[in-house]
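# Let's see this in three dimensions:
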Amino acid sequence: MPYKDPEKRRTFHREYKRKWRQVHTKNQPLKGVKIFICARFPDLNLGLASFVGGFLITSRDDVVERILRDPDFMRFIFPISMDWDLVPNPIISEDE
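Okay, here's the model as predicted:
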């Protein structure tokens, strides 16, 4: 068992979590999809994509980069996170 040595335990848990996430990403296809909401301008057109009814659902990286660089991001355009690995959790760290 890798539990006697703390460094082996951390390595074991990291590898276990990596394999677990890899298996579950196949079962959760929405994990790679990014969702943005714009309530102020529900039909906003950004050139590469446009909001429909205030929502934009995309898996394209170029569209996501365009939205993140937009001056209205975090002012009128907000992300809705489906990927819980990207959400910071102050209680659980990566080593636990």
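
# tell me the secondary structure for Leu56?
Using DSSP: H, G, I helix; E, B strand; the rest coil, the structure places Leu56 in strand.

# For it, list the residues it contacts.
By CB atoms under 8 Å, 6 or more residues apart in numbering, the contact set of Leu56 is 35-38, 49-50, 63, 67. Glycine gets a C-beta too; all of them are placed from N, C-alpha and C.

# Kindly reformat those residues as CSV containing neighbour count.
Below are the contacts of Leu56 laid out as CSV (neighbours: other CB atoms under 10 Å):
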residue, neighbour count
Ile35, 14
Phe36, 23
Ile37, 16
Cys38, 22
Ala49, 18
Ser50, 10
Val63, 17
Ile67, 21
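
# Go through these and flag which are in strands.
Among those, the residues falling in strands (DSSP state E) are 35-38.

# Dump the helix or strand bottoming out on mean pLDDT in the chain to PDB, keeping only the CA atoms.
Lowest on mean pLDDT, DSSP states H and E among the helices and strands of the chain sits helix 6-27, with a mean of 83. What follows is helix 6-27, C-alpha atoms only, in PDB (Å, rounded to 0.1, in the frame of the first residue of the first chain):
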ATOM      1  CA  PRO A   6       3.200  10.600   2.100                       C
ATOM      2  CA  GLU A   7       4.700  11.300  -1.300                       C
ATOM      3  CA  LYS A   8       3.700   7.900  -2.700                       C
ATOM      4  CA  ARG A   9       0.200   8.500  -1.300                       C
ATOM      5  CA  ARG A  10      -0.100  11.900  -3.100                       C
ATOM      6  CA  THR A  11       1.200  10.300  -6.300                       C
ATOM      7  CA  PHE A  12      -1.200   7.400  -6.000                       C
ATOM      8  CA  HIS A  13      -4.200   9.800  -5.400                       C
ATOM      9  CA  ARG A  14      -3.300  12.100  -8.200                       C
ATOM     10  CA  GLU A  15      -3.100   9.200 -10.600                       C
ATOM     11  CA  TYR A  16      -6.300   7.700  -9.300                       C
ATOM     12  CA  LYS A  17      -8.100  11.000  -9.800                       C
ATOM     13  CA  ARG A  18      -6.700  11.500 -13.300                       C
ATOM     14  CA  LYS A  19      -7.900   8.000 -14.300                       C
ATOM     15  CA  TRP A  20     -11.300   8.600 -12.700                       C
ATOM     16  CA  ARG A  21     -11.800  12.000 -14.500                       C
ATOM     17  CA  GLN A  22     -10.700  10.400 -17.800                       C
ATOM     18  CA  VAL A  23     -13.400   7.700 -17.500                       C
ATOM     19  CA  HIS A  24     -16.100  10.100 -16.400                       C
ATOM     20  CA  THR A  25     -15.400  12.600 -19.300                       C
ATOM     21  CA  LYS A  26     -16.500   9.800 -21.700                       C
ATOM     22  CA  ASN A  27     -19.800   9.500 -19.800                       C
END
